[in-house]
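In: A structural model of the following input is requested.
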Amino acid sequence: MTERKRVTILDVSRATGLALSTVSNALAGKNHVSEETRATVLEAATRLGYRASTVARALRMQRSFTIGVLVADVANPSSPDFVRGVEDVAIREKCTLLLSNTDGDEERQLLHMRTLLDRQVDGMVLISQHVSSPAVRALLDASTPFVLIQRRNPLFPDDYVGSDNVIGVSEAINHLHALKHRRIGFVRGPSDSSTAGERLETFLAEAKRLRLKVDDELVFKGDYGFETGVAAGRHFLRLRRPPTAIMGSSDINALGVMEAALESGLSIPGQLSVVGLDDIALASFRAINLTTIHLQKRAMGAAAADLLIERIRQPDRTPQELIFPTRLVVRGSTAAPALPEAPRLRA
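Out: Predicted coordinates for the structure are as follows:
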């Protein structure tokens, strides 16, 4: 079987009778090429099956046209929307994504970052990654452009895209307060996450403003995972005075709390109200029906990619911070407490 010869720009030039430079400019979308000439070139390129050489393009423009994306947990249902947003811009810019999962582990993150840098990516989007340690900062400051999503270090002026944690958590706590909940538990996210810290600080500040007493036992420290949510739920419901409502730092936390409650036969929201944060697709499923804070994840991913493209083209521009509004989505996991205090988890 004869191997099919690759169609080149020279073949398009010969088919149209136009100069090689004219064909090249037409395919590159240069403005000084007439629409009639461009249409002729595109028709011939399509008919012949011409595909631009990404290698030649990269050499010509001294770019790899690849973007590295690091996610903390590729299995977390919130991750795909962020990545899809980055991909939307990558497709527009004719770039390829290299996706890496770090499992929230700094050593794994460093390994993937070094690999991406060795492959000479044009830039990186870091979603909920470690950003403060000397080893990570050394790689971030190695001149390759990057943008952070949902985790940052305020001491460094990095390009950053985040959600409005203050408004989101405040709306959730006020919603529970309006339902007459006076004892509310909170599941804290990772200790080294700026976003998790902002959410906890807002919870404590809003509780103080509403004159809700928050004992140390009402804040459970963990991460954004399901197992943390389960452990938090069991902890809260075994207290001498259990909370009547629990808020997770993520929807996955909240699902874990719901699991802990249901394994003991407690009804939601009849005996315990639960609030999440993210508004993943699962949250709207009828069997879950989770009240949560909606994040514009895909839009945030796209905004981060746009910032990255700007940084690639203008390396010296001033770093930008984009904070996306949030909104409370009230569903069926919250209601007024049936009793002054929730029943405790069975031992």
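
In: Not counting sequence-adjacent ones, nearest residue to residue 6?
Out: Once flanking residues are discounted, residue 6 sits nearest to residue 51: 8.0 Å by CB to CB, 6 or more residues apart in numbering. Yep, even glycine has a C-beta here, placed from its N, CA and C like the rest.

In: how far away is residue 326 from residue 85?
Out: Separation of residue 326 from residue 85 (CB to CB, to the nearest Å): 16 Å.

In: so where does residue 249 fall, helix or strand?
Out: Using DSSP states H and E, residue 249 maps to neither a helix nor a strand.

In: List the residues that contact it.
Out: Counting by CB atoms under 8 Å, 6 or more residues apart in numbering, residue 249 touches 186-189, 196, 199-200, 224, 277.

In: So which of the residues you listed are in helices?
Out: 196, 199-200 (DSSP state H).

In: what's near enough to touch the closest residue to residue 221 other than its chain neighbours?
Out: Distances taken as CB to CB, 6+ apart put residue 188 closest to residue 221, at 4.8 Å, once the chain neighbours are dropped. Residue 188 is in contact with 196, 199-200, 219-222, 249, counting by CB under 8 Å, 6+ apart.

In: Can you go through the residues you listed and name the buried ones?
Out: 196, 199-200, 219-220, 222, 249 (16 or more other CB atoms under 10 Å).

In: The spatially most central residue of the chain and residue 30: what is the separation?
Out: The centroid of the chain falls nearest to residue 82 when counting by CA atoms, centre = their mean (4.0 Å). To residue 30, residue 82 is 34 Å away according to CB to CB.

In: Please apply the same query to residue 84.
Out: Separation of residue 84 from residue 30 (CB to CB) stands at 31 Å.

In: what's the answer for residue 281, then?
Out: The gap separating residue 281 from residue 30 is 43 Å, by CB to CB.

In: do residue 230 as well
Out: Counting by CB to CB, the gap from residue 230 to residue 30 is 59 Å.

In: Looking at the two, which has the bigger crowd around it?
Out: Set residue 230 next to residue 30 and count neighbours by other CB atoms under 10 Å: residue 230 wins out with 20 against 12.

In: where exactly do the helices run in this structure?
Out: Going by DSSP H, the chain shows helices at 9-16, 20-27, 35-48, 54-61, 79-92, 106-118, 134-140, 165-178, 194-209, 226-237, 251-263, 297-313.
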